[in-house]
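Colleague: this is the structure alone, sequence omitted:
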């Protein structure tokens, strides 16, 4: 006998090799798991999948869960993000329709902060540059223009959980002086110096972006703000690609105003512009700062357990909205 459609859990896309963890949790609890392609489909395709499947829950990694998708299933009770940011989910529409929206806010604190620190070390010690030079047959240590890490001033834009971990690692591990800026009030922290954004940009040798993507943070780093950065500074973005204006960034690199950039995210990923890919002062990774063997297991378990709580009639632990309860 065909299972009731209301028992379906739809996973729109995923960034790992298989769905064994998801199947164990969801099907082990008596629900049906329906999976889209591993790479995210278009918003229209996702909405069509929802119309066909009529899921009670949606798990989504990168795919856009639009207002149309949320409206397409009257059975829908939760949209659970396999990640932190909510910019791919129509949260307002979910709230209006009484649908919970959840995320997993703490699963990759160590990984993303490690990634940011690694990019800073690679830049300051010339690791990628000299790796390429030596492999090309050029052994020229006299060309080194390297930096003592402990003398750097690092500005962290976005002082949430990940920003705080990055600050701690830089300060405690390397003796870096840390400036911080956040649009939200944060608890007092005597180990960092809180300043306004313009001051942070003008005083920092390194700027690390840890802010969420919202309408207010889109192109937060535009031409005028990049121009405020200290000449020769290094920019790290491990947050969302659209927070940095790519055209303005390329101009700042080409003019020599910035000495380099480390990007785990791009505005139009996975498209990589030749103007970035061709530069030796640009470090690029394919949106993997969140990833490790431990973080992915924690992420997948936590997101699935939120779905199970809601489908059992319980409140989720990490709700990001306050829907009118059914």
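Modeller: Perfect, I can see it now. What you see is a predicted model; the values in this text were computed from it and never measured.

Colleague: state the distance from residue 13 to residue 43.
Modeller: According to C-beta to C-beta, to the nearest Å, residue 13 and residue 43 sit 12 Å apart. C-betas here are computed from N, CA, C, even on glycine.

Colleague: again but with residue 227, I slipped
Modeller: In terms of C-beta to C-beta, residue 227 sits 35 Å off from residue 43.

Colleague: ok, the residue most central in space within the chain - contacts?
Modeller: The centroid of the chain falls nearest to residue 239 when counting by C-alpha atoms, centre = their mean (4.3 Å). Residue 239 sits next to 158, 209, 210, 211, 212, 213, 265 when contact means C-beta atoms under 8 Å, 6 or more residues apart in numbering.

Colleague: of those, which is the most crowded?
Modeller: residue 210 (26 neighbours; other C-beta atoms under 10 Å).

Colleague: my guess is it contacts residue 155, does it?
Modeller: No - Residue 210 is beyond contact range of residue 155, at 10.7 Å (criterion: C-beta atoms under 8 Å).

Colleague: what's the burial count for the residue nearest to residue 200 when sequence neighbours are not counted?
Modeller: Nearest residue to residue 200, sequence neighbours excluded (C-beta to C-beta, 6 or more residues apart in numbering): residue 155, at 4.0 Å. Residues near residue 155, counting by other C-beta under 10 Å, number 28.

Colleague: would you map the strands across the stretch 201-326 of the chain?
Modeller: Remark: strands assigned in the stretch 201-326 of the chain by DSSP state E, counting those that start in this stretch are 206-209, 233-237, 258-263, 282-284.

Colleague: those strands: which one's closest to residue 324?
Modeller: Closest approach to residue 324 among the strands of the stretch 201-326 of the chain is made by strand 206-209 (35.2 Å; C-beta to C-beta).

Colleague: just checking, what packs against the closest one?
Modeller: helix 109-124, strand 153-157, strand 233-237 (3 or more C-beta pairs under 8 Å, 6 or more residues apart in numbering; DSSP states H and E).

Colleague: give the buried residues for the first one.
Modeller: Of the residues in helix 109-124, 109, 111-120, 122-124 count as buried by neighbour count, 16 or more other C-beta atoms under 10 Å.

Colleague: shaky segments in the stretch 51-200 of the chain?
Modeller: For the stretch 51-200 of the chain, no stretch is flagged by pLDDT under 70.

Colleague: where do the strands sit along it?
Modeller: 57-60, 78-81, 100-102, 153-157, 177-181, 193-194.

Colleague: export these as TSV, with columns for distance to residue 34.
Modeller: As requested, the strands of the stretch 51-200 of the chain are exported to TSV (distance: least, C-beta to C-beta, whole Å):
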stretch	distance to residue 34
strand 57-60	10
strand 78-81	14
strand 100-102	19
strand 153-157	39
strand 177-181	43
strand 193-194	47
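
Colleague: could you chop this protein up by domain?
Modeller: Annotated domains of the chain cover 5-106+292-311, 109-284 [automatic domain parsing].

Colleague: end to end on the last one, go ahead and measure it.
Modeller: This means domain 109-284. 20 Å (C-alpha to C-alpha, to the nearest Å).

Colleague: one step back: residue 312: which of the helices and strands packed on strand 206-209 is closest?
Modeller: The closest of the helices and strands packed on strand 206-209 to residue 312 is helix 109-124. By C-beta to C-beta, the value is 28.0 Å.

Colleague: list the contacts of that closest one.
Modeller: Helix 109-124 is contacted from outside by 127-128, 146-147, 149, 152, 154, 161-162, 165-166, 169-170, 173, 206, 208, 210, 234, 236, 238, 259-260, 262, 264, 283, 285, 288-292, 295, using C-beta under 8 Å, 6+ apart.

Colleague: cool, stretch 38-51 as well?
Modeller: For stretch 38-51, contacts defined as C-beta under 8 Å, 6+ apart pick out 10, 12-15, 34, 36, 58, 60-66, 68-70, 72-73, 76.

Colleague: buried stuff in that stretch?
Modeller: Result for stretch 38-51 [16+ other C-beta under 10 Å]: buried residues 40, 41, 43, 45, 46, 47, 49, 50.

Colleague: so which residues of the protein form helices?
Modeller: Along the chain, the stretches classed as helices by DSSP state H are 20-28, 43-53, 67-71, 91-96, 109-124, 127-135, 161-174, 197-203, 223-228, 246-254, 274-277, 293-311.

Colleague: for the third one, name the packing helices and strands.
Modeller: In this case it means helix 67-71. Short answer (3+ C-beta pairs under 8 Å, 6+ apart): helix 67-71 packs on helix 43-53, helix 91-96.
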